[in-house]
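# Structure for the following, please:
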Amino acid sequence: MLVLGALPTLAAAQSDNHGVQRSAHGLGQAYPAVADRSADPEWRLYIFERDGFSYFQINDLNGRVEAIIGKAGDTYWVLPAGESAVHVSAQASALPDHVVRVRIYRGSGFSLVRYGRGEDASWAVEVDS
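I've put the predicted structure just below:
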């Protein structure tokens, strides 16, 4: 078990080398003091960087945390955060043909995408091949 809360917080924002500012604090907040990086106006995406790990927090428009995805190198995981039992996978599972795919963020070597809408929405981390 990692105890990240006891580790010191970085004082300054970091960058992903593409001009995107990332914050070292505010993870889990409804409206953190960091830029919304979502490409989809229906969602908010906040990027945090701490101790060499990246965290991608997806919030709805009301500030409710939908999911937090952690990343270290080529490894991704989902943090137990948010009020809903959202489904997040490292790869899109079999979905009906009519389900709409929306990319909310494209990072270096991966994308965060949403399939479907509302309560039936699923999230996926799609790694570029």
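# what does whatever helix or strand A67 lives in contact?
Assigning secondary structure by DSSP states H and E places A67 in strand 65-72. The contact list for strand 65-72 (CB atoms under 8 Å, 6 or more residues apart in numbering) reads 27-28, 30, 43, 52-60, 76-79, 81-84, 86, 88, 110, 112, 123, 125. Using the backbone N, CA and C atoms, a C-beta is placed for each residue, glycine as well.
# Off-centre distance for that strand?
Distance, stretch centre to chain centre, for strand 65-72: 4 Å (CA atoms, centre = their mean, to the nearest Å).
# helix or strand right after it?
Counting by DSSP H and E, the next helix or strand C-terminal to strand 65-72 is strand 75-79.
# Pairing partners for that following strand, with directions?
According to DSSP bridges, strand 75-79 has the following sheet partners: strand 65-72 (antiparallel).
# Enumerate the positions of the strand it pairs with that are buried.
Neighbour counts using 16 or more other CB atoms under 10 Å place V65, E66, A67, I68, I69, G70, K71 of strand 65-72 among the buried residues.
# Can you get me the start-to-end distance on stretch 27-47?
End-to-end distance for stretch 27-47, by CA to CA, to the nearest Å: 9 Å.
# Find the nearest non-adjacent residue to the spatially most central residue of the chain, please.
The chain has F56 as the residue nearest its centroid, 2.6 Å off, counting by CA atoms, centre = their mean. Spatial nearest neighbour of F56, excluding adjacent residues (CB to CB, 6 or more residues apart in numbering): I69 at 4.6 Å.
# tell me which helix or strand of this structure sits lowest on mean pLDDT?
In the chain, no helix or strand scores lower on mean pLDDT, DSSP states H and E than strand 14-15, which sits at a mean of 46.
# Pull up the per-residue confidence for the residue lying farthest from the centre of the chain.
Going by CA atoms, centre = their mean, the residue of the chain most distant from its centre is D97, 25.1 Å out. Listed pLDDT for D97 reads 72.
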